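J.: My questions are about this predicted structure, shown below with the sequence.
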Amino acid sequence: MSNAYYNMKVADITQETADAITLHLEHPEKNKISYIPGQFLTLIIPIDGKKVRRSYSLCSIPEDPYFSVTIKRVEGGLVSNYIADNVKVGQEIEVMAPLGNFNVKADANLKRHLFFFGGGSGITPLMSMTQSILKHEPQSRITLIYGNRDLNCVIFKNALSKLEKQYPDRLKIIHVFNEAIADATEPQENIGLLDRTMVLQLLENLKVPGYTQESYYMCGPEGMMNEVRDALQFMRVPSSQVFKESFTAPTTVEDHGADVSAEESDEIITRTVTIIYEGDEYQVEVKPDETILEAGLKADIDLPYSCQAGLCTACRGKCLSGRVHLDEREGLSDSEIDQGYVLNCVGHPLTADVVIEIG
Ligand SMILES: Cc1cc2nc3c(=O)[nH]c(=O)nc-3n(C[C@H](O)[C@H](O)[C@H](O)COP(=O)(O)OP(=O)(O)OC[C@H]3O[C@@H](n4cnc5c(N)ncnc54)[C@H](O)[C@@H]3O)c2cc1C
Ligand code: FES
C-alpha cells in the first residue's frame with residue numbers, strides 16, 4: 001500500500017442539510033485516482049498550526065468528475081465545524097489516497113440482494129455503494145433502510161429519491177424517523193427507533209426470492225448498529241455476510257481491546273518493535289504511554305494512518321511474530337484478529353519479538 005498524499009482543489013460545496021455539507025474535490029493535477037465505493041479519504045487540515053487528520057467516506061463513485069465527501073457537524077467537534085465554517089471553493093486541501101475495507105466491488109455477473117442500513121452521516125459510504133451497484137451490477141437489488149432524527153436531517157434526500165425513480169425494480173428505500181414533523185409535505189412512514197424489533201419487522205416484508213446471495217452493510221451510530229446486528233443474529237445471518245463501518249469508537253465495554261495471539265496479557269512496558277513497510281525494515285522503541293504508530297511517526301517513518309482511533313484500518317498491519325495489545329478493535333473483524341492483523345494506532349507490544357508488516 002503506497003502512502004500517497006495529494007492536494008485537491010474544492011470545486012464546489014453543496015449544503016445538504018442544516019448541518020451537513022458536501023465538498024466536491026478535483027482530481028489532483030488531472031490525474032485520476034481510483035477507489036472502491038465505500039472507501040474514505042483522509043483530509044489533513046491545518047488548525048492552529050497543527051495538521052489534523054479526519055476520515056470522510058467518499059459518497060461519489062469513481063467515474064464521477066469529482067471526489068465528494070459529506071461532512072456533518074459534530075457538537076464540539078474540531079474538524080467537522082472547522083471545515084463547515086472555513087473551507088471555501090477554490091481552496092486546496094491535502095488528502096491521503098483513498099483507503100478502507102468497508103467497500104463493495106461491483107461485478108456484473110452477480111445477482112445479489114444487498115441490504116444497507118444507514119444512520120445520519122453513515123449514509124455516505126452506502127450512497128457510493130448504492131450508485132455503483134445500480135450502475136454496474138444490473139441483476140442485483142438494493143434495499144436501503146435509512147434512519148434519521150426527522151425528515152429535515154436526511155442527507156441526499158433528493159438524490160436518493162431520484163435514484164429510486166430511476167431504478168424502481170432494483171432500489172427500495174425505507175426512511176425511518178425518530179420524530180415526525182407536524183407540517184411535513186412528504187410522507188413519514190416509519191416513526192420510531194430503528195431498533196431490533198423494527199429491523200425484524202421491516203426485513204420480514206423486504207426479502208425477495210430469486211437472488212443467489214444476500215449481504216448486509218451498516219454504517220451509523222453505535223446504538224443503531226448494535227440493534228441491526230442483534231436482529232441479524234436473531235435471523236441467523238452468518239457473520240461473513242455482515243459488514244460494518246464505525247465513525248466513532250464504541251462506548252460499550254464489550255467491544256474494547258484485544259490481545260492478538262495472546263494466551264495471557266503481559267505488562268505494557270518499553271519494547272522494541274520491528275516494522276516492515278514498503279520493503280524497508282525499521283526498529284522502533286515503543287514507550288508504554290505511546291502506540292506503535294506514534295512511536296513509528298516519532299522515528300520519522302511515513303506510516304499510513306487516518307482516524308487514530310482504531311476504526312478506519314488505515315494503519316493496519318500483520319503481526320508476524322510476538323503479541324500486541326489493542327486498546328480498541330472496532331475496525332477489525334474476528335477473522336482479521338484471528339489472522340493476526342493489528343491496528344498500529346491503538347497497538348502496544350506485549351512481547352520483545354513483535355514484528356509487524358504493513359501493506
Ligand atoms: C472510516 C471513517 C469514515 C468517516 N466518514 C465520515 C463521513 O463521511 N462524514 C462525516 O461527517 N464523518 C465521517 N467520519 C467521522 C469523522 O472522521 C470525524 O470523526 C467527525 O467529523 C468528527 O470530527 P471532529 O474533529 O469534528 O470531532 P472531534 O473533535 O474529533 O470529536 C469531538 C467529540 O465528538 C465525538 N464524535 C466524533 N465523531 C462523531 C460522530 N460522527 N458522531 C457523534 N459524535 C462524534 C467524539 O467522540 C468527541 O467526543 C468518519 C470516520 C471514520 C473512522
Ligand atoms: S488510523 Fe484508523 S484504525 Fe488506525
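T.: Perfect, I can see it now. Ligands and ions are numbered 1, 2, ... in the order given.

J.: switch to C-alpha atoms for all contacts and neighbour counts from now on
T.: Will do.

J.: Show the average pLDDT along stretch 216-227.
T.: Mean pLDDT, computed over stretch 216-227, is 96.

J.: Could you confirm whether that stretch reaches ligand 1?
T.: No: Stretch 216-227 lies out of reach of ligand 1 by C-alpha under 6 Å from any ligand atom, never closer than 7.0 Å.

J.: Stretch 153-172 too?
T.: No: counting by C-alpha under 6 Å from any ligand atom, ligand 1 is not contacted by stretch 153-172; separation bottoms out at 10.5 Å.

J.: who touches that stretch?
T.: Contact with stretch 153-172 is made by 16-18, 20, 120-121, 123, 134, 140-144, 148, 173, as judged by C-alpha atoms under 8 Å, 6 or more residues apart in numbering.

J.: Write out the residues of the stretch 251-359 of the chain neighbouring ligand 1.
T.: Within reach of ligand 1 by C-alpha under 6 Å from any ligand atom, the stretch 251-359 of the chain has these residues: C307, L311, C312.

J.: What is the burial count for the residue of the stretch 201-350 of the chain found nearest ligand 1?
T.: Among the residues of the stretch 201-350 of the chain, F247 lies nearest to ligand 1; the distance is 3.7 Å by C-alpha to the nearest ligand atom. Residues lying near F247 (other C-alpha atoms under 10 Å) number 20.

J.: quick one, what contacts it?
T.: For F247, the contacting residues are G122, C219, G220, P221, L311, C312, by C-alpha under 8 Å, 6+ apart.

J.: want to try CSV for those, with secondary structure, distance to K157 and neighbour count as columns?
T.: Converted to CSV, the contacts of F247 look like this (DSSP: H, G, I helix; E, B strand; the rest coil; distance: C-alpha to C-alpha, whole Å; neighbours: other C-alpha atoms under 10 Å):
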residue, secondary structure, distance to K157, neighbour count
G122, helix, 14, 23
C219, strand, 17, 25
G220, coil, 17, 24
P221, coil, 19, 20
L311, coil, 27, 25
C312, coil, 26, 29
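
J.: Quickly check those for the two that are furthest apart.
T.: Taking C-alpha to C-alpha, the two most distant members of these are P221 and C312; they sit 15.0 Å apart.

J.: re the thing from before, check the contacts of stretch 153-172 for burial and list the buried ones.
T.: With burial judged by 16 or more other C-alpha atoms under 10 Å, the buried subset of the contacts of stretch 153-172 is E16, A20, G120, S121, I123, L134, S140, R141, I142, T143, L144, N148.

J.: hang on, isn't the second one packed against I71?
T.: Yep, that's A20 we're talking about. Yes: contact criterion C-alpha atoms under 8 Å: A20 and I71 qualify, at 5.5 Å.

J.: Now list whatever residues contact both of the two.
T.: Joint contacts of A20 and I71 (C-alpha under 8 Å, 6+ apart) are A84.

J.: tell me which of the buried ones among the contacts of stretch 153-172 is nearest to M235?
T.: Nearest to M235 among the buried ones among the contacts of stretch 153-172 is T143, at 17.0 Å by C-alpha to C-alpha.

J.: Wait, the closest one touches R112, no?
T.: No: the pair T143 / R112 is not scored as a contact, 11.0 Å apart, by C-alpha under 8 Å.

J.: the strands in the stretch 51-200 of the chain, which residues?
T.: For the stretch 51-200 of the chain, the strands defined by DSSP state E, counting those that start in this stretch cover 66-72, 92-99, 112-119, 141-148, 171-177, 190-191.

J.: on that earlier part again, tell me which of the residues of the stretch 251-359 of the chain next to ligand 1 is nearest to L193?
T.: Comparing those against L193 with C-alpha to C-alpha picks out L311 as the nearest, at 24.8 Å.

J.: By proximity to ligand 2, which residue of the stretch 151-300 of the chain wins?
T.: For the stretch 151-300 of the chain, C-alpha to the nearest ligand atom, closest residue to ligand 2: L293, 8.0 Å.

J.: neighbours around that residue, how many?
T.: 25.

J.: Next one: it from Q39, what distance?
T.: Look at L293 and Q39: by C-alpha to C-alpha, to the nearest Å, they are 21 Å apart.
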